[in-house]
Every structure is written in C-alpha cells, then in structure tokens.
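Okay, sequence plus prediction incoming.
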Amino acid sequence: MKKIVWIISILFGSFYLASCGTMHTDCTTLINDRDAYRQCTANQGNAVSQFELGVAAFDREDYKTAISWLKRAAKPRLTKREAYIDQPTGSRRDLAYEEDKNMGTPGHQGAQRLLVRIYEEGIGVPVNHKEAERYRQMIQAQ
C-alpha cells in the first residue's frame, strides 16, 4: 500500500512540477524563422504581429481567423481595473465599448480600420454597423 501511495505521489509531483514553468516562450530563439517568430510574439500579445497574422489570413480569405487576430490586435491594452475586481453585471458585449474606452494603451489602428471595413461590407460575416461603429470610435478616440 505504501508503495502505491509513493508511486502516485511521485507521478503527481512530476506532473505538478512540469507545469511550474513561466509559460512564456522565448521568441528570440525563433528569430531565423520569420513566421514562427511572428506567431510566437502574436501569442504573447504583440499587436503588430497579431495584425500581420490577421492580414495574412484575410488575404487567404480565411475570414474567421483574420477577424480573430484583428480583434486581438485592435483591442486596447492595459486596463485600469484588474479583471478579477468588481465585474460588471449585464451582458459583456453591451459593456465592451465602455470598458474599451477606459483602457490605457490604444489598439492597433490598422486592425481597427480593417475591422470597420469587414463589418461595414460584410466580408466573411453579416453586415454589422454596430461593430463597425465600435471600431470607428476606437480610431477616433486615439
């Protein structure tokens, strides 16, 4: 019985310790592979890389992927309020613009402009003037 408990504790401990890394990849090791480097930095929140991946997907007519990357690039950074403090009640979608206005760093303007075009013209999505106006106001706020 002691042997089984010991084996289980060793297995659990090894899985636990394996997840103790920083979870942050050093993208500089990928500097010789432009695409891998861009993907790495985009995953870590680099708005320029996110925009570039969005444009590349847009050019391939992979609109779902393009919109996903462009939204990440367009979103302003550095909230004034931590995500875990006093979450507002109601629909997150309705409150998104008000929350975005209070962000510290503006989002990527190129991504915002392309999202305005996508939502106004219905490229890969139904026409949505409310979303287009949301991104247009983000541009004007800068």
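That came through fine.

how much space between G107 and Y37?
To Y37, G107 is 22 Å away according to C-beta to C-beta, to the nearest Å. For the C-beta atoms, the positions are set from N, CA and C on the backbone; glycine is no exception.

what's the answer for C27, then?
In terms of C-beta to C-beta, C27 sits 6 Å off from Y37.

what's around E133, how many residues?
Using other C-beta atoms under 10 Å, E133 has 14 neighbouring residues.

so where's the protein shaky on pLDDT?
Residues of the chain that meet the criterion pLDDT under 70 lie in 1-2, 5-24, 78-104.

Now do the helices in it.
2-18, 34-43, 47-59, 63-74, 92-101, 109-121, 129-140 (DSSP state H).

which helices and strands does the third one pack with?
Applying 3 or more C-beta pairs under 8 Å, 6 or more residues apart in numbering; DSSP states H and E, one finds that helix 47-59 contacts helix 34-43, helix 63-74, helix 109-121.

Need the CA coordinates for the longest one. PDB is fine.
It stands for helix 109-121. The C-alpha trace of helix 109-121 is given here as PDB (Å, rounded to 0.1, in the frame of the first residue of the first chain):
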ATOM      1  CA  GLN A 109      -5.200  51.400 -35.800                       C
ATOM      2  CA  GLY A 110      -4.700  49.300 -38.900                       C
ATOM      3  CA  ALA A 111      -6.600  46.400 -37.300                       C
ATOM      4  CA  GLN A 112      -9.400  48.700 -36.300                       C
ATOM      5  CA  ARG A 113      -9.700  50.200 -39.800                       C
ATOM      6  CA  LEU A 114      -9.800  46.700 -41.400                       C
ATOM      7  CA  LEU A 115     -12.400  45.600 -38.900                       C
ATOM      8  CA  VAL A 116     -14.500  48.700 -39.800                       C
ATOM      9  CA  ARG A 117     -14.300  47.600 -43.400                       C
ATOM     10  CA  ILE A 118     -15.100  44.000 -42.700                       C
ATOM     11  CA  TYR A 119     -18.200  44.800 -40.600                       C
ATOM     12  CA  GLU A 120     -19.400  47.600 -43.000                       C
ATOM     13  CA  GLU A 121     -19.100  45.500 -46.100                       C
END
